[in-house]
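*Asks:* what follows is a protein structure lacking sequence information:
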């Protein structure tokens with residue numbers, strides 16, 4: 001990565017970081033590359049690059065009335 005790009009510090013839950021790092025290692029990606037990809041998608045989409053919503057009940061819970 002070019003040295004003229006500033007470093008940014010973020011706080012990550014240790015368990016989430018461990019699990020994410022394991023997945024990224026399998027993909028051959030660094031955490032920095034993944035965060036940059038997320039931020040580029042955020043800019044491209046003009047918002048979060050995935051749907052955000054309150055968890056809905058499982059289908060069997062909806063029909064069990």
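*Replies:* Perfect, thanks for sending it. Computed from a predicted structure; not experimentally measured. Residues are numbered from 1 along each chain as shown.
*Asks:* distance from stretch 39-56 to the middle of the chain?
*Replies:* Relative to the chain's own centre, stretch 39-56 is displaced by 10 Å; criterion: CA atoms, centre = their mean, to the nearest Å.
*Asks:* that one spans what distance, first to last residue?
*Replies:* 27 Å (CA to CA, to the nearest Å).
*Asks:* helix, strand or coil for residue 23?
*Replies:* Assigned state for residue 23: helix (three-state reduction, DSSP: H, G, I helix; E, B strand; the rest coil).
*Asks:* mind checking pLDDT for it?
*Replies:* Per-residue confidence (pLDDT) for residue 23: 98.
*Asks:* next one: it from residue 5, what distance?
*Replies:* Taking CB to CB, to the nearest Å as the criterion, residue 23 is separated from residue 5 by 24 Å. (Each C-beta comes from the backbone N, C-alpha and C, glycine too.)
*Asks:* same deal with residue 54?
*Replies:* Summarising the geometry, the distance separating residue 54 from residue 5, computed by CB to CB, is 36 Å.
*Asks:* neighbour count for the two, which is higher?
*Replies:* When neighbours are counted by other CB atoms under 10 Å, residue 54 and residue 5 differ, and residue 5 comes out ahead with 9 against 4.
*Asks:* tell me the SS of that one?
*Replies:* coil.
*Asks:* likewise for residue 12?
*Replies:* Applying three-state DSSP: residue 12 is coil.
*Asks:* tell me the contacts of the residue lying closest to it once chain neighbours are set aside?
*Replies:* Nearest in space to residue 12, with sequence neighbours left out and distances taken as CB to CB, 6 or more residues apart in numbering, is residue 20 at 7.7 Å. When the contact criterion is CB atoms under 8 Å, 6 or more residues apart in numbering, the partners of residue 20 are 12, 31, 34.
*Asks:* reformat those into JSON lines and put neighbour count and distance to residue 47 next to each item.
*Replies:* What follows is those, written out as JSON lines (neighbours: other CB atoms under 10 Å; distance: CB to CB, whole Å):
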{"residue": "12", "neighbour count": "12", "distance to residue 47": "21"}
{"residue": "31", "neighbour count": "14", "distance to residue 47": "22"}
{"residue": "34", "neighbour count": "15", "distance to residue 47": "19"}
